[in-house]
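Q: Quick one, what's the 3D model for this:
(one chain, ligands or ions: 1)
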Amino acid sequence: MNQAAVRLRSVTRSYGTGDNAVTALDQVSLDIPRGTFTAVMGPSGSGKSTLLQCTAGLDRPTGGQVFLGETDLTRLSEKKLTLLRRRRIGFVFQAFNLLPALTAEQNVGLPLRLAGRRPRRSEVLNVLEQVGLRERAGHRPSEMSGGQQQRVALARALVTKPEVLFGDEPTGALDSTTSREVLTLLRTMVDRGQTVIMVTHDPVAASYADRVLFLADGKAQGELYAPTAEQVAQRMTALSAIPSKTSAVASC
Ligand SMILES: Nc1ncnc2c1ncn2[C@@H]1O[C@H](COP(=O)(O)OP(=O)(O)OP(=O)(O)O)[C@@H](O)[C@H]1O
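A: Reported below is the predicted structural model:
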């Protein structure tokens, strides 16, 4: 059995044509083992969000293959891809994207309703308990802090027991103390077997991961295992010094 939760094979994503063409991802290949925490870092415009979106089936690569377990996402119809995202993938974003009129419990139960199931109260409360918010089940987002709202968003992403949880800057809108709480929670989920892939600009956030993948100009630029924030910051400084294709053209 293949232990990789996700495999990318020569994944390319281009936008536009001719002189206006941009290659956001350029032949990226990688394996993400199950039960690991991966951070994706790189300078602005290096392709991090594109990588996350292609890997999560939110965007289609223009070349190459993306596997979730044994499923090749690039071969799925839109309908099957939508179902796969609902059933097998979880997301957390920088903006918490909770529905303001719904309580925490109702927000967390929503993905189950979308999947055509009536949520059992106990399963929703269990997930809220995992993020330390069981007693806030009846509160609406406006009655909670930013960190609590992101924990509800995390519970909502986890309620379907996704194979992979994707985070696009999940701590980007939080202060450093609250960020640490959310990152510790993500780390705990991974230590219990969850696979997490997170895009971040923050070396401290990346230091919670098992592995940091670096991107520049759409290309994989190496990785760090068991990273410290200092090591990550150093690599980022070195990467930012590489002139990108677009800035090289702009400066001609
Ligand atoms: N829909 C699009 N149309 C055209 N170009 C795009 C589109 N989306 C992204 N790009 C380009 O692809 C490249 C990679 O973008 P992407 O958003 O993946 O980078 P990023 O590393 O996530 O950046 P940031 O850290 O600033 O969010 C950039 O040059 C961007 O301008």
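Q: now the helices for the stretch 101-250 of the chain?
A: Taking DSSP state H, counting those that start in this stretch to define them, one finds helices in the stretch 101-250 of the chain at 104-114, 121-130, 146-158, 176-191, 203-206, 229-240, 245-251.
Q: Does the nearest residue to Leu30 once chain neighbours are set aside fall in a helix, a strand, or a coil region?
A: Distances taken as CB to CB, 6 or more residues apart in numbering put Leu8 closest to Leu30, at 5.1 Å, once the chain neighbours are dropped. For glycine as for every other residue, the C-beta is placed from the backbone atoms N, C-alpha and C. Following DSSP: H, G, I helix; E, B strand; the rest coil, we place Leu8 in the strand state.
Q: you'd agree Leu8 is up against Gly64?
A: Yes: counting by CB atoms under 8 Å, Leu8 touches Gly64, with 6.9 Å between them.
Q: burial measure for Val214, as a count.
A: To be clear, residue 214 is Phe; Val isn't right here. Using other CB atoms under 10 Å, Phe214 has 23 neighbouring residues.
Q: I figured it hits Ala233, correct?
A: No: look at Phe214 against Ala233 with CB under 8 Å: they stay out of range, at 12.0 Å.
Q: backbone phi and psi for the residue nearest to Pro111 when sequence neighbours are not counted, please?
A: Using CB to CB, 6+ apart and skipping residues adjacent in sequence, the residue nearest Pro111 is Thr160, 5.1 Å away. When read as degrees, to the nearest 10, the backbone of Thr160 gives phi -90, psi 10.
Q: doesn't Arg86 make contact with Thr160?
A: Yes: the pair Thr160 and Arg86 qualifies as a contact (CB under 8 Å) at a distance of 7.1 Å.
Q: Enumerate the residues of this protein near the ligand.
A: Residues of the chain lying close to the ligand (CB under 6 Å from any ligand atom) are 15, 22, 24, 42, 44-50.
Q: filter these to the buried ones?
A: Neighbour-count burial (16 or more other CB atoms under 10 Å) is assigned, among the residues of the chain next to the ligand, to 24, 42, 45-50.
Q: Quick one: these as CSV, columns for pLDDT and distance to Thr188 too.
A: What follows is those, written out as CSV (pLDDT from 0 to 100; distance: CB to CB, whole Å):
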residue, pLDDT, distance to Thr188
Ala24, 96, 33
Gly42, 95, 27
Gly45, 93, 33
Ser46, 95, 29
Gly47, 96, 29
Lys48, 96, 24
Ser49, 94, 26
Thr50, 96, 29
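Q: Met236 versus the closest residue to Thr74 other than its chain neighbours, what's the distance?
A: Using CB to CB, 6+ apart and skipping the chain neighbours, the partner closest in space to Thr74 is Gln65 (5.2 Å). Going from Gln65 to Met236 by CB to CB, to the nearest Å gives 29 Å.
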